[in-house]
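Build me a structure from this.
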Amino acid sequence: MLASCAVGPDFSRPAPPSVDQYTQTDGQSFAAPGGVQTLSPAVQVRDDWWTSFRCAAIDRAVDETLTGNATLEGGEASLRRSNDLLRAGAGVFYPQVEAQAGASRQRYSPLRTGMDAAPSIFNLFTLSATISYTLDIWGGERRQVEALAAQADAQRYALAATYLTLTSNVVNTMIARAAYSDEIAATREMIELVREQIHITEAQVAAGASAWSAVLSLQNEMATLEASVPGLEQRRAESEHLLALLAGMYPAYWNAPSLSLQDIALPAVLPQTLPSSLVRRRPDILQAEAVLHVASANIGVATAALFPQITLSASGGLDSTVLHSLGNAGGHVWSVAAGITAPVFHGGTLWFQRQAALDAYRESQAGYREVVLAAFAQVADALRALEHDAQTVEAQTRAVQSAADALRLIKESYRAGTVGYLQILIADGQYHQARIAWLQATAQRLQDTVALYAALGGGLVPES
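Have a look, this model is predicted:
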């Protein structure tokens with residue numbers, strides 16, 4: 001009967017969006033040289049989704065992050081604190097019992113009661129207990145505990161979102177580091193080719209077959225390439241320092257494994273999640289839903305404060321002027337009471353506190369809707385990125401193949417004596433430039449695959 005009197009709205013989960021696709025033209029397959037990626041509803045998003053890249057170095061880096069990251073440690077402590085506050089709040093459903101014991105020496109004057117008598121000095125020993133219980137008729141305490149439980153849920157989903165963000169950052173950074181290493185290697189090969197061109201051109205200048213301006217042009221190209229290497233090395237070093245930070249280690253003590261893009265496999269079959277289920281598995285959406293639940297429960301707390309509160313209490317004790325006779329019947333005292341407290345006039349404070357709770361709920365509703373929209377936009381971005389990445393990789397692969405064919409034909413012409421060796425070096429440089437562009441496109445495709453896993457929730461929270 002008391003439960004039926006709980007004021008405030010009973011929380012109901014927001015309905016899933018009534019959409020059946022993320023973009024206007026959801027693709028099902030993204031084909032490009034190096035791998036075809038297909039979306040399949042039969043594939044679930046795993047909590048260890050990063051293992052789909054089949055790279056031991058990435059697995060090891062993620063493990064180090066999950067065991068040593070300071071942000072995760074703080075999030076886990078926050079979750080424990082929320083659960084402890086929930087357990088503390090649930091204590092309101094039980095009677096509150098207090099025990100007291102005291103010993104004092106007093107001087108008592110009968111004049112305080114209108115009696116003309118001599119004062120007396122005596123010892124007083126007391127032993128008492130009090131029990132009280134507030135009838136939660138309007139459900140204010142239950143709503144408060146409900147809010148604490150929802151807050152614990154919000155913290156749990158926030159921790160899951162932290163896990164997802166950290167693992168995504170680690171995998172993305174490892175991919176970027178591998179791409180930087182490959183680009184550095186390709187750029188250094190190009191520098192050696194240009195250096196060889198310079199030597200040949202200098203010989204041609206000495207023989208009077210070429211102008212010195214050609215040497216200067218090649219020296220400028222080599223200097224430009226050499227200037228790009230420190231920037232790539234700096235970005236690679238920054239990625240290594242970031243990985244050390246995420247793992248909770250000092251950069252000087254973090255061992256950077258050698259890694260190439262060739263060591264990272266492109267996941268062939270990707271999970272296909274229905275839009276209606278995304279809101280039931282993505283941590284940030286579930287966190288926003290829990291925050292909405294907190295705001296709903298707070299309306300009930302503020303509403304219950306407008307109604308009278310009834311408290312039952314009882315106390316009993318033993319008084320004596322001599323310690324060894326503390327249990328004598330003459331010193332027994334007790335009381336039983338029931339009290340009611342009703343707000344009469346608070347200058348509109350309680351009313352506007354309830355209005356503020358309603359406004360907070362509407363604010364949380366808007367926040368929840370914004371999070372859902374952002375989540376759907378991220379999934380849509382990832383899907384379209386994979387589509388465009390496949391097109392880019394396909395075009396860059398054709399460019400690499402064309403440059404390789406051109407290099408092969410020029411080498412055959414060189415063996416036939418129709419072209420000079422300088423043309424081979426020039427064609428080889430063009431091939432390396434095309435390969436660097438292909439490396440960048442391949443790395444972007446891998447990183448956008450990571451973005452899709454993250455946008456789908458990473459599988460850390462089972463669909464509820």
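
so the residue of the chain most remote from its centre, which of the three states?
In the chain, the residue that sits farthest from the middle, by Cα atoms, centre = their mean, is Asp116; the gap is 77.4 Å. The local conformation at Asp116, judged by DSSP: H, G, I helix; E, B strand; the rest coil, is coil.

Trp50 too?
Look at Trp50: counting by three-state DSSP, its state is helix.

Repeat that for Phe11.
Here Phe11 is coil, with the state taken from three-state DSSP.

what's the pLDDT at the nearest residue to it once chain neighbours are set aside?
In this structure, Phe11 finds its nearest non-sequential neighbour in Ser296, 4.3 Å apart by Cβ to Cβ, 6 or more residues apart in numbering. Just so you know, the C-beta spots here come from the backbone N, C-alpha and C atoms, and that holds for glycine as well. pLDDT, Ser296: 96.

give me the element Tyr133 is part of.
For Tyr133, the element it lies in under DSSP states H and E is strand 120-135.

name the helices or strands packed onto the helix or strand just after that strand?
Using DSSP H and E, the helix or strand that follows strand 120-135 in sequence is helix 140-206. If contacts are counted by 3 or more Cβ pairs under 8 Å, 6 or more residues apart in numbering; DSSP states H and E, helix 140-206 sits against helix 56-68, helix 70-89, helix 212-246, helix 283-304, helix 421-455.

what angle do the first one and helix 70-89 make?
Read that as helix 56-68. 40 degrees (axes from the mean of the first three to the mean of the last three Cα atoms, to 10 degrees).

Buried ones in helix 56-68, by neighbour count?
Using 16 or more other Cβ atoms under 10 Å as the test for burial, helix 56-68 gives Ala57, Ile58, Asp59, Ala61, Val62, Glu64, Thr65.

try stretch 350-367
Buried, per 16+ other Cβ under 10 Å, within stretch 350-367: Leu350, Gln353, Arg354, Ala357, Ala360, Tyr361, Ser364.

Quick one: mean pLDDT over that stretch.
For stretch 350-367, the per-residue pLDDT averages 96.

Please compute how far it lies from its chain's middle.
27 Å (Cα atoms, centre = their mean, to the nearest Å).

which outside residues touch it?
Residues outside stretch 350-367 that contact it (Cβ atoms under 8 Å, 6 or more residues apart in numbering) are 14, 288, 291-292, 294-296, 298-299, 301-303, 305-306, 343.

Restrict it to CA atoms and write it as PDB.
What follows is stretch 350-367, C-alpha atoms only, in PDB (Å, rounded to 0.1, in the frame of the first residue of the first chain):
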ATOM      1  CA  LEU A 350       9.800  23.600  -2.000                       C
ATOM      2  CA  TRP A 351       7.600  24.300  -5.000                       C
ATOM      3  CA  PHE A 352      10.400  25.800  -7.100                       C
ATOM      4  CA  GLN A 353      12.700  23.000  -6.100                       C
ATOM      5  CA  ARG A 354      10.200  20.700  -7.700                       C
ATOM      6  CA  GLN A 355      10.000  22.900 -10.700                       C
ATOM      7  CA  ALA A 356      13.900  22.900 -10.900                       C
ATOM      8  CA  ALA A 357      13.800  19.100 -10.800                       C
ATOM      9  CA  LEU A 358      11.300  19.100 -13.700                       C
ATOM     10  CA  ASP A 359      13.500  21.400 -15.700                       C
ATOM     11  CA  ALA A 360      16.500  19.200 -14.900                       C
ATOM     12  CA  TYR A 361      14.600  16.200 -16.300                       C
ATOM     13  CA  ARG A 362      13.800  18.100 -19.500                       C
ATOM     14  CA  GLU A 363      17.400  19.100 -19.800                       C
ATOM     15  CA  SER A 364      18.500  15.500 -19.400                       C
ATOM     16  CA  GLN A 365      16.000  14.500 -22.100                       C
ATOM     17  CA  ALA A 366      17.600  17.000 -24.500                       C
ATOM     18  CA  GLY A 367      21.000  15.700 -23.500                       C
END
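
residues in contact with Gln430?
Residues in contact with Gln430 (Cβ under 8 Å, 6+ apart) are Ala403, Ala406, Leu407.
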